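Student: output the structure for:
(one chain, ligands or ions: 1)
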Amino acid sequence: MSSDIELRVTFQPSGRTVHVLPGTAILEAAARAGFVLLTPCGGGGTCGKCRVKIHSGTTGAPDARAHRLTAAQRREGWRLACCDTIESEAVIEIPPTSLFEHSQKILTGDAGHTLAVDPVVRVTTVKLPPADTRPGLDCLDAALGETLSIDPARAGELTDRLRAGGQQAHIVQEGCRLLDLQPATAPAVALGVAFDLGTTTVVGTLLDLVTGTERGVAAALNGQIPFGDDVLSRILRVRENPARLPELQAAAMCSLNEIVGTLCRQAGIAPERIVHATLAGNTTMQQIICGLDPTALGEIPFTPAFVHSFEVPAASLGLAIHPAASLYVFPQIGGFVGGDTVAGMIASNFDRLPKPTLLVDIGTNGEIALLHHGRIFCASTAAGPAFEGARIAQGMRATAGAIEKVLIRDGDIHINVIGNTPPAGLCGTALIDTVAELLRHGLLEPTGRLLLPEELPAALPEALRRRIERTGDDPRFVLVPAAGDRAAVCLTQRDIRELQLASGAIRAGIETLLQRAGLAATDLDAVLLAGAFGNFIRRSNAQRIGLLPPLPHERIRFIGNASSMGAKMALLSAAERNRAETLRARAEHVDLGSDPGFLDIFCQSMLFPEEGAAL
Ligand code: FES
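Tutor: Predicted coordinates for the structure are as follows:
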């Protein structure tokens with residue numbers, strides 16, 4: 001282990017710090033710190049969108065690809081995050097314009113298109129004649145030229161507010177429903193929250209529905225985790241005992257309300273100021289949060305309870321925002337291809353891309369969409385929880401103490417640990433790294449068999465040779481030896497088998513969709529990697545184990561949390577919401593389980609590529 005060579009990197013203006021190995025791309029270090037940078041050219045050094053400024057520290061020799069920067073710009077400290085590497089402790093500024101999703105007044109998608117702020121919630125300011133004596137709020141109908149529906153329980157209160165405001169007010173309405181009436185003496189306040197409801201993590205973003213400004217972001221763990229790590233175990237809980245459905249629903253809603261509370265504290269507002277919400281999640285999460293039985297998703301043919309988007313009164317589900325607010329739930333395509341995939345498609349402008357493109361969200365279920373000649377093929381594939389550390393002997397999520405990066409250099413391994421704490425286990429990216437490095441250095445066969453100590457190549461450096469230990473009949477690879485009270489961190493033969501299953505399932509899904517479309521992987525113009533895990537994958541290692549097809553790296557792009565971005569777009573724009581529905585209708589769901597060729601492709605995909613077959 002050589003974590004002693006880790007370098008401290010601080011990103012400004014946030015001050016967030018990470019520790020990385022020398023030679024790490026700035027792009028990767030920024031991702032580790034939680035920043036997703038714009039990479040429209042896929043890290044090819046040609047767009048110049050990922051530029052950052054070095055305030056202290058040194059970077060590696062300029063990459064030949066980084067021709068978007070002049071010598072003068074480099075002297076000023078500008079670097080391309082995709083091409084330049086970190087070689088010493090450093091302080092690096094990330095300008096807002098280099099962030100994939102930055103706190104600007106107008107959100108942009110990854111293609112840089114401008115999103116018009118045109119939400120379903122409208123704010124209008126009315127000024128009524130003081131002499132208007134019509135009863136209640138009838139005078140509003142005349143002023144607005146439409147008939148508003150009002151919750152009878154609130155009619156008196158709203159009428160009093162209108163009178164107290166001297167017959168002037170900001171009217172907040174959704175369609176013909178009057179949500180709120182605010183004094184015209186202050187600017188109107190209408191906020192919305194966009195939720196990305198993941199199996200593990202929930203993210204909420206508070207947005208101003210008048211200006212499009214982002215007012216805050218908060219995250220929480222999904223309260224359903226005690227019911228099982230993955231969607232299948234949660235579905236099983238409900239199947240075993242239908243009375244558990246309300247418990248699961250309440251557990252997830254508790255997380256959403258926790259986020260609402262945090263956002264309100266951040267913005268200094270009352271929850272009643274939040275007059276609308278959108279939610280994108282996988283099919284299981286979307287159904288459970290709506291109180292819909294998910295058990296049909298756990299058995300063939302994996303039928304979702306709904307496919308069309310819909311709105312539901314937020315209060316009826318227990319969401320503690322404005323009592324009359326509604327919650328928009330994304331449309332679903334089929335099987336496990338849910339609202340998060342549709343949201344990812346609108347966020348990446350998927351349907352408007354001109355050439356064959358693949359969108360992949362790698363998680364417990366790999367969700368895959370392929371665009372070709374106007375057709376959209378979608379599938380989900382059960383990768384299992386290996387990438388999240390489950391079913392791996394010393395696997396863990398990507399939290400403090402997890403080894404997240406592994407490389408072999410100068411005859412031994414080097415690791416990077418999240419949080420710069422003693423290593424406690426390894427997360428999904430380290431799992432991929434380790435296996436890729438073991439393949440490159442001849443310790444692992446393409447079949448997935450780890451060599452025994454006596455079978456190791458004669459030229460293998462001694463430090464690496466010592467890391468292969470025999471446990472019973474099976475060998476294991478020691479990433480971190482035991483020291484004092486600290487147990488060793490090892491990769492076992494069984495762990496490698498789990499990775500083969502997970503990686504093979506995703507790759508087989510990709511290949512099956514390509515076959516359906518009559519394409520070869522090399523025909524792909526771009527592979528868009530979405531989701532928390534996808535954004536930390538090292539492309540060369542993912543290709544070395546066969547998880548991703550052998551394409552030039554600039555064609556494999558990271559698009560950040562596309563599901564969250566899509567939920568925000570649907571919150572701010574009724575047109576984007578319509579587009580989500582159109583995309584759902586266009587998408588062709590491919591049931592991999594009934595595809596006659598899938599099993600063969602899966603078996604083939606579980607084998608690691610021979611050296612030279614992967615880029
Ligand atoms: Fe770095 Fe385009 S130049 S992503």
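
Student: which non-adjacent residue is nearest the residue sitting nearest the centre point of the chain?
Tutor: Taking CA atoms, centre = their mean, the centroid of the chain lies closest to G531, which sits 2.6 Å from it. Spatial nearest neighbour of G531, excluding adjacent residues (CB to CB, 6 or more residues apart in numbering): D361 at 4.3 Å. For the C-beta atoms, the positions are set from N, CA and C on the backbone; glycine is no exception.

Student: so for that neighbour, what's the pLDDT?
Tutor: Looking at D361, its pLDDT stands at 91.

Student: report the distance from stretch 556-569 to the chain centre.
Tutor: Relative to its parent chain, stretch 556-569 has a centroid offset of 6 Å by CA atoms, centre = their mean, to the nearest Å.

Student: how near is L438 to L456?
Tutor: From L438 across to L456, the span is 11 Å (CB to CB, to the nearest Å).

Student: between the two, which one's more packed in?
Tutor: Between L438 and L456, counted using other CB atoms under 10 Å, the more crowded position is L438 (26 against 17).

Student: burial measure for the nearest residue to that one once chain neighbours are set aside, as a count.
Tutor: Nearest-residue entry for L438: L444, 3.9 Å, with adjacent residues in sequence omitted and distances by CB to CB, 6+ apart. Other residues lying near L444 total 24 when counted by other CB under 10 Å.

Student: could you pull out the helices for the stretch 451-600 of the chain?
Tutor: 462-465, 493-517, 531-534, 539-544, 562-572, 574-586, 598-605 (DSSP state H, counting those that start in this stretch).

Student: what residues does the stretch 51-200 of the chain have near the ligand?
Tutor: Residues of the stretch 51-200 of the chain lying close to the ligand by CB under 6 Å from any ligand atom are R68, L80, C82.

Student: out of those residues, the closest to V20 would be?
Tutor: Closest approach to V20 among these (CB to CB): C82, at 15.2 Å.

Student: which element is that closest one on?
Tutor: Following DSSP states H and E, there is no helix or strand that holds C82.

Student: enumerate the residues of this protein near the ligand.
Tutor: Within the chain, the positions adjacent to the ligand are 39, 41, 43-50, 68, 80, 82 by CB under 6 Å from any ligand atom.

Student: show me the shaky parts of the chain.
Tutor: Scanning the chain for pLDDT under 70 picks out 1-4, 40-42, 64-67, 100-115, 131-136, 613-615.

Student: what about 50?
Tutor: 1-3, 102-113, 614-615 (pLDDT under 50).

Student: picking that back up, what about the residues of the chain next to the ligand, which one has the most neighbours?
Tutor: The most crowded member of the residues of the chain next to the ligand, judged by other CB under 10 Å, is L80 (33 neighbours).

Student: burial count for the residue of the stretch 251-400 of the chain found nearest the ligand?
Tutor: Proximity of the stretch 251-400 of the chain to the ligand (CB to the nearest ligand atom) peaks at S348, 15.4 Å away. Residues lying near S348 (other CB under 10 Å) number 26.

Student: pretty sure it sits against L528.
Tutor: Yes: contact criterion CB atoms under 8 Å: S348 and L528 qualify, at 5.4 Å.
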